[in-house]
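S.K.: here is my input; please provide its structure:
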Amino acid sequence: MPAAALPVTPTALAPATPGAAMHALLERLYPICRSLTGNGVRQTLAILREYLPELRVLEVPSGTPALDWTVPAEWNIRDAWVKNAAGERVIDFQQHNLHVVQYSTPVSGWFSRAELDQHLFSLPEQPYLIPYRTSYYQPDWGFCLSHQQRLQLQDEYYEVCIDSTLDEGGSLTYGELVLPGACPDEVLLSCHCCHPSLANDNLSGLVVAAFLLRELARRPRRYTYRLVVGPGTIGSIVWLSRHPDTVGLIRHGLVLTLLGGPGPFTYKQSRQGTAEIDRAAAQVLRHSGQPHAVRPWLPYGYDERQYCSPGFNLPVGCLSRTPFGEFPEYHTSADNLQFVQPGQLAESLQVTLSLCEALEANRTYRNLQPYGEPQLGRRGLYKGVGGGREGAEWQLALLWLLNLSDGQHSLLAIAEQAALPVPLLHRAAVALEGVGLLQPFP
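M.R.: Take a look at the predicted model:
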């Protein structure tokens, strides 16, 4: 099947470099107050559709059962503040949307300093940062502020307003895009879009995924790629509950998150541990030239928990840079547009693209001349003068392929044994196939 080109709008074309273009998209999305549900998610997906016009936006009514969960009421917020006795806003949602605890119930009235204090959240160890807090499934309200701000609240009484709504007749919103390939087998790409103004933990995975899909759309593809963008945990649970047939098509999967920070790349293995995606990620990172780590499965983290839950046990890993909770900016106002840099986004895009290329290239071949070593020189694949080390890696790639292409070793398996990069082996396989020495198997 030929590659389906996604339409590209003028907005999506500028600026020129991939890193700058991704950062420009991130800048547009950063001010939006996203949550599990609500208009912030819809605004985010509407902007994303400028880059991925084939992205479908779907609504699931509040109260809908989803596996062991239920879709929550839709939350929206218009304004929120705490005023002192002089009528001054000392905490103001309009200044930063992290100031309000996500899913806060509506509030209007006067509170004593002691009463208000029970609903305030700050970080004494990071006194100038605003924390990010949620109250999704236990109705409550609250404000987040820097600890420095909190210490300045000396009035006896404060006026509090949270102008929010919780609509049982609302819905949960998520986005989905399917990019057809030559076969129906799928690569699942998943990222969350439920956090407010947090640039790395939320938006970085989203913008890398968008530009990855745009690049894949320009290329011939063996696999079908499916992008799912939704709120964390409940979004993937809803998607899994609504796609029992699709689940059986997923051969590889990747949760993309925390890809804009300055730290080393980190790949968390799927529950299976030795799935093709796990092995391909290890190979790509090993040959990327980037600092990296590969970590074993842990049933805590992002939406890989749902995809890898025992009943599904899908081969879905998680790619990030520094993992959640391991950098001081995590879930604070310091996770901002300055923390995420264009160059870091560009590196993340290249690594994710290389991983998809490795999956696309990974095939099993059969040597058509298995008795003895074929004469490569007369086929133009071997150097003319012997005795030196020129082109040794290329020669090794050819010889490893001829030796292990027995219908049982994939390119990935050969790469692991030969300690050679998959792209090099793929180029060598194409060359050997071109002179009639290899044949895809089966």
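
S.K.: where does Phe111 fall, phi/psi-wise?
M.R.: Note on Phe111: its backbone torsions stand at phi -130, psi 150 [degrees, to the nearest 10].

S.K.: what sits closest to the residue nearest the centre of the chain if chain neighbours are left out?
M.R.: What sits nearest the mean C-alpha location of the chain, by CA atoms, centre = their mean, is Leu256, with 1.7 Å. Distances taken as CB to CB, 6 or more residues apart in numbering place Gly205 nearest to Leu256, at 4.0 Å, with adjacent residues excluded. C-beta here means a position set from N, CA and C on the backbone, and glycine is covered the same way.

S.K.: what about the one you found, distance to Tyr267?
M.R.: 14 Å (CB to CB, to the nearest Å).

S.K.: which one's more surrounded, those two?
M.R.: Counted by other CB atoms under 10 Å, Gly205 and Tyr267 do not tie: Gly205 has more neighbours, with 29 against 23.

S.K.: quick revisit: can you report phi and psi for the residue nearest to Leu256?
M.R.: Torsion angles, degrees, to the nearest 10, at Gly205: phi -60, psi -40.

S.K.: flag the shaky bits of this structure, pLDDT-wise.
M.R.: Applying pLDDT under 70 to the chain picks out residues 1-16, 383-390.

S.K.: in it, what residue spans correspond to helices?
M.R.: Secondary structure of the chain (DSSP state H): helices at 10-13, 18-29, 39-51, 113-117, 147-151, 205-217, 234-242, 244-247, 276-286, 304-307, 342-361, 392-404, 411-418, 422-434.

S.K.: contacting residues around the third one?
M.R.: For helix 39-51, contacts defined as CB atoms under 8 Å, 6 or more residues apart in numbering pick out 9, 11-12, 25, 28-29, 32-35, 55, 57, 76, 173-175, 193-194, 196, 206, 210-211, 214, 229-231.

S.K.: can you give me the buried ones in it?
M.R.: Within helix 39-51, the residues that count as buried by 16 or more other CB atoms under 10 Å are Asn39, Gly40, Val41, Arg42, Gln43, Thr44, Leu45, Leu48, Arg49, Glu50, Tyr51.

S.K.: give the contact list for Ser104.
M.R.: Ser104 touches Ile77, Ala80, Ser135, Asp140, Trp141, Gly142, Ile162, Ser164, counting by CB under 8 Å, 6+ apart.

S.K.: top of these by neighbour count?
M.R.: Greatest neighbour count in the contacts of Ser104, by other CB under 10 Å, goes to Ala80: 24 neighbours.

S.K.: next, the distance between the ends of stretch 138-155.
M.R.: Terminal residues of stretch 138-155 lie 29 Å apart, using CA to CA, to the nearest Å.

S.K.: other residues contacting it?
M.R.: By CB under 8 Å, 6+ apart, the residues outside stretch 138-155 that reach it are 80, 82, 84-85, 90-91, 98-101, 103-107, 113, 116, 119-124, 126-133, 135, 162, 166, 333.

S.K.: can you say which of those residues are buried?
M.R.: Buried among those by 16+ other CB under 10 Å: 80, 82, 84, 90-91, 98-101, 103-104, 107, 116, 119-123, 126, 129-133, 162, 166, 333.

S.K.: which of those fall within strands?
M.R.: Judged by DSSP state E, the buried ones among the contacts of stretch 138-155 include Ala80, Val82, Val90, Ile91, Val107, Leu120, Phe121, Ile162, Leu166 as members of strands.

S.K.: for the residue nearest to the fifth one when sequence neighbours are not counted, give me its contacts.
M.R.: The reference is to Val107. Distances taken as CB to CB, 6+ apart place Ile162 nearest to Val107, at 4.4 Å, with adjacent residues excluded. Ile162 is in contact with Ile77, Ala80, Val100, Ser104, Thr105, Pro106, Val107, Ser108, Trp141, counting by CB under 8 Å, 6+ apart.

S.K.: could you do Gly380 as well?
M.R.: The contact partners of Gly380, by CB under 8 Å, 6+ apart, come to Val435.

S.K.: check Ser333 too.
M.R.: For Ser333, the contact set (CB under 8 Å, 6+ apart) comprises His96, Leu98, Leu129, Ile130, Ser146, Ser197.

S.K.: those: which two are farthest apart?
M.R.: Largest separation among those by CB to CB: Ser146 and Ser197, giving 14.7 Å.

S.K.: mind giving me the PyMOL command for buried ones among the contacts of helix 39-51?
M.R.: Buried residues among the contacts of helix 39-51 (16+ other CB under 10 Å), as a PyMOL selection:
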select buried, resi 12+25+28+29+32+33+34+35+55+76+173+174+175+193+194+196+206+210+211+214+229+230+231
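
S.K.: contact partners for Tyr174?
M.R.: If a contact means CB under 8 Å, 6+ apart, then Tyr174 has Val41, Leu45, Val57, Leu58, Val60, Val228, Val229, Gly230, Pro231, Gly235, Val238, Trp239 as its contacts.

S.K.: which strand residues bridge the closest residue to it other than its chain neighbours?
M.R.: Sequence neighbours aside, Gly230 is the residue nearest to Tyr174 in space, at 3.2 Å (criterion: CB to CB, 6+ apart). Counting by DSSP bridges, Gly230 forms beta bridges with His192.
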